[in-house]
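**Q** the sequence isn't on hand, but the structure is:
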């Protein structure tokens, strides 16, 4: 900000994806949300400001006489307060979340197109960081360019077969016998690097490339199952974005039919965070997948915020206790209590329990004593390329 009293800022304010995509999937609900969105924005802008609707979900605002970064932050804080309360419709609470991006308008006021582009970059940065708003800086542009390049490389990697599935064993807690594996993605670059998912999955999740990547992973895992003994299963992580796609049951069904694999041998893992948005749609999709016969597992359980009410209604076969609790369970009474509580709760709902992050014999023994069903972690093995897995376990 340059401190000028007649300084103007262009802002883009957008309804969050959870409202516009599938969180409120009836036409009436969407209409209500958009009407409330516009009404509350009218209460935010001042008489001297300008604003116009760009589409049903995004508004362009020109804030006049913003003389400092502090003034802009105050305006953004007011925007957050206006939208923090849910809207009640027919007795139902409907949260209305927004995200905003801001950019300075040049003193001449002529380069509105550039300001619009910069505000868009700031908006994308805010969405990636899960913040209410962001203000354009050169770093926004740099980050956006880096991400676009990585997405392009991932798309190319998928096309030329640089992505591979590694397999980490899942063993019976009492007998330590192999019962299956989790498929974990690795990126083998043309330069000889092997890149783990923590370097690229978050970027893929924010972009459409996660969808073909997940479809490929499901088909590859099912193809692998066709070559393994009947008693073994494979778990595949599924992006919440893909769960919002109507074709995901068809993708699963087609893969099973093509390779002649029993549906019960495929386990789809979803994170607990799916229950934070779009609960109705997510529950419907999980139920449709279970109707096919595949198993559903909640990954990283204990790190999200889903309530016991949703837990009660989850169409799920298995709970995976997050490794952060498992790793510390022998040193921390609280973590031990959490692990025990999750195991008991899941068993009361006829669900199996998998503990991931098992790195020592002592932890494995304690989990078996607590009646955990399945163990996974470096104590047994690291993720292995498919052929090494086959050789090591004599499949």
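**A** Thanks, I have it. Keep in mind the model is a prediction, meaning the values are calculated, not measured.
**Q** identify the residue nearest residue 196 in space, chain neighbours excluded?
**A** residue 186 (6.5 Å; C-beta to C-beta, 6 or more residues apart in numbering). (Each C-beta comes from the backbone N, C-alpha and C, glycine too.)
**Q** what residues are bridge-paired with the one you found?
**A** With DSSP bridges as the criterion, residue 186 is bridged to residue 164.
**Q** so who does it touch?
**A** Counting by C-beta atoms under 8 Å, 6 or more residues apart in numbering, residue 186 touches 163-166, 194-197, 383, 385.
**Q** are any of those buried, and if so which?
**A** Among the contacts of residue 186, those buried by neighbour count (16 or more other C-beta atoms under 10 Å) are 163, 165-166, 383.
**Q** for these, which one is nearest residue 60?
**A** Nearest to residue 60 among these is residue 163, at 38.9 Å by C-beta to C-beta.
**Q** tell me the confidence at the closest one?
**A** pLDDT for residue 163: 94.
**Q** cool, and residue 178?
**A** In this prediction, residue 178 has a pLDDT value of 97.
**Q** what's the neighbour count on it?
**A** Around residue 178 there are 20 other residues, counting by other C-beta atoms under 10 Å.
**Q** bridging residues for it?
**A** According to DSSP bridges, beta-bridge pairing links residue 178 with residue 171.
**Q** how close does it sit to residue 67?
**A** 67 Å (C-beta to C-beta, to the nearest Å).
**Q** where does the stretch 151-300 of the chain dip in pLDDT?
**A** Applying pLDDT under 70 to the stretch 151-300 of the chain picks out residues 273-279.
**Q** switch to 90 and redo it
**A** For the stretch 151-300 of the chain, the stretches flagged by pLDDT under 90 are 151-153, 155, 157, 189-193, 195-211, 239-248, 270-287, 298-300.
**Q** got the residue ranges for the strands in it?
**A** For the stretch 151-300 of the chain, the strands defined by DSSP state E, counting those that start in this stretch occupy 163-172, 178-188, 194-195, 233-237, 266-271, 295-301.
**Q** whichever strand or helix holds residue 366 vs strand 163-172, what angle?
**A** Using DSSP states H and E, residue 366 maps to helix 361-369. If you take axes from the mean of the first three to the mean of the last three C-alpha atoms, to 10 degrees, helix 361-369 sits at 60 degrees to strand 163-172.
**Q** and helix 361-369, how far out from the chain middle?
**A** Chain-centre distance of helix 361-369: 31 Å, with C-alpha atoms, centre = their mean, to the nearest Å.
**Q** would you check that residue 265 makes contact with residue 234?
**A** Yes: taking contacts as C-beta atoms under 8 Å, residue 265 lies within contact range of residue 234: 7.0 Å.
**Q** need the overlap of contacts for the two.
**A** 180, 225.
**Q** domain-wise, how is this structure divided?
**A** Annotated domains of the chain cover 9-136, 148-392 [automatic domain parsing].
**Q** just to revisit the earlier point, out of the buried ones among the contacts of residue 186, who's nearest residue 122?
**A** The closest of the buried ones among the contacts of residue 186, once distances to residue 122 are taken by C-beta to C-beta, is residue 163, at 31.7 Å.
**Q** format the contacts of residue 186 as JSON lines; extra columns: distance to residue 329.
**A** Output for these, formatted as JSON lines (distance: C-beta to C-beta, whole Å):
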{"residue": "163", "distance to residue 329": "34"}
{"residue": "164", "distance to residue 329": "32"}
{"residue": "165", "distance to residue 329": "29"}
{"residue": "166", "distance to residue 329": "26"}
{"residue": "194", "distance to residue 329": "31"}
{"residue": "195", "distance to residue 329": "31"}
{"residue": "196", "distance to residue 329": "25"}
{"residue": "197", "distance to residue 329": "25"}
{"residue": "383", "distance to residue 329": "22"}
{"residue": "385", "distance to residue 329": "30"}
